[in-house]
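Engineer: Take a look and give me a structure for this.
(2 chains)
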Amino acid sequence: MIPYAINIVYFMLSIALLFAFIRLTRGPSLPDRVVALELIASIVVGYVGVHAIDTGVSSLLDVAIVIALTAFLAAIGFARFLERGGRKND
Amino acid sequence: MIEIIVSLFLLVGASFMMLAAIGILRLPDLPTRMHASTKAAAMGAMFIMGAVAFYFADSVVFARAFAIVVFILITSPIAAHVIGRAGYFTGTPLWEGTVKDELRENYDPETHTLLSGYEGSPESVTPPPVTDEPEQR
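Structural biologist: As a prediction, the model looks like this:
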């Protein structure tokens, strides 16, 4: 039962990744792109968790921790960059 | 039994994440997109980490998955708040159907002062704003 669920979940997460990537490329302003990047990082954390179940390697959870940490720091950095005067409408 | 729980948690988490992605693709402006993406994506990641903890059934893995859940719960609201604040300050246009923007009349983007909207009323304890001093301009 778990392999079927894992296949379905891979498919759904891939579709979510595709939608977030469409918003990343189309987003009319820079904050939209930052939000899309944050969503992509969350989806990748979920992907890593599913892959840990799929392969049975529990060490992959450390990768999920590091991805969540770098996504948070990237979001903070982008927000500082925006407030301190970056390009407004890109 | 544990297989059913793991499969259910995985499917629910992936559904939340796909909902977040659909929201970020379809909704019209920055605050509504953030409203869709931040909460639903954090919920999906938490469900998937719950599935991992149930699948391995090990105390070390459980502690690690719990640490990821706590970390997401701490950092996701902070990141959303900071990005929303930066987006509002840089003048990202809101949706044309927006009903209420209470910050626009009470907030001064030059001096970063926020008024409560009740200055000078009988219930207020703060004095009314002085507008004739030259350093206020």
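
Engineer: contacts and neighbour counts: CA atoms only from here.
Structural biologist: Noted.

Engineer: and the spatially most central residue of chain B, how far is that from residue B:116?
Structural biologist: Centroid-nearest residue in chain B: residue B:80, 4.2 Å away (criterion: C-alpha atoms, centre = their mean). According to C-alpha to C-alpha, to the nearest Å, residue B:80 stands 23 Å off from residue B:116.

Engineer: Remind me which helix or strand the residue nearest to the centre of chain B belongs to.
Structural biologist: helix B:59-89 (DSSP states H and E).

Engineer: going on from that helix, what's the next piece of helix or strand?
Structural biologist: helix B:102-106.

Engineer: For the residue in chain A positioned nearest to chain B, give me its contacts.
Structural biologist: In chain A, the residue that lies nearest chain B is residue A:16 (4.8 Å; C-alpha to the nearest C-alpha). For residue A:16, the contact set (C-alpha atoms under 8 Å, 6 or more residues apart in numbering or on different chains) comprises A:43, B:17-22.

Engineer: Repeat the analysis, applying 6 Å as the threshold.
Structural biologist: Residue A:16 makes contacts with B:18, B:21, as judged by C-alpha atoms under 6 Å, 6 or more residues apart in numbering or on different chains.

Engineer: pretty sure it is in a helix, no?
Structural biologist: Yes. The assignment for residue A:16 (DSSP: H, G, I helix; E, B strand; the rest coil) places it in a helix.

Engineer: Identify the residues contacting residue B:48.
Structural biologist: B:10, B:13.

Engineer: So it, which state does it fall into?
Structural biologist: Residue B:48 - assigned by three-state DSSP - is helix.

Engineer: can you pull the pLDDT of the residue nearest to residue B:24 when sequence neighbours are not counted?
Structural biologist: Excluding its sequence neighbours, the residue lying closest to residue B:24 (C-alpha to C-alpha, 6 or more residues apart in numbering or on different chains) is residue B:33, at 4.8 Å. On pLDDT, residue B:33 comes in at 91.

Engineer: again with residue B:86
Structural biologist: 88.

Engineer: okay, now it: neighbour count?
Structural biologist: Neighbourhood size, residue B:86 [other C-alpha atoms under 10 Å in any protein chain shown]: 20.

Engineer: Relative to chain A, how far out is it?
Structural biologist: Separation of residue B:86 from chain A (C-alpha to the nearest C-alpha, to the nearest Å): 5 Å.

Engineer: Please apply the same query to residue B:77.
Structural biologist: 10 Å.

Engineer: Checking residue B:28 next. Helix, strand or coil?
Structural biologist: coil.

Engineer: Around chain B, pick out the residues from chain A.
Structural biologist: A:2, A:5, A:9, A:16, A:19-20, A:23, A:31-32, A:46, A:65, A:75, A:79, A:83 (C-alpha under 6 Å from any C-alpha of the partner chain).

Engineer: Keep only those of those that are in strands.
Structural biologist: Members of those lying in strands (criterion: DSSP state E): none.

Engineer: Which members of the residues you listed are the farthest-apart pair?
Structural biologist: A:2 and A:83 (45.8 Å; C-alpha to C-alpha).

Engineer: on that earlier part again, off-centre distance for the helix holding residue B:80?
Structural biologist: 10 Å (C-alpha atoms, centre = their mean, to the nearest Å).

Engineer: Spit out the contact partners of residue B:22.
Structural biologist: Counted by C-alpha under 6 Å, 6+ apart, residue B:22 has zero contacts.

Engineer: Over to stretch B:22-30 now: how far is its first residue from its last?
Structural biologist: Stretch B:22-30: ends 14 Å apart by C-alpha to C-alpha.
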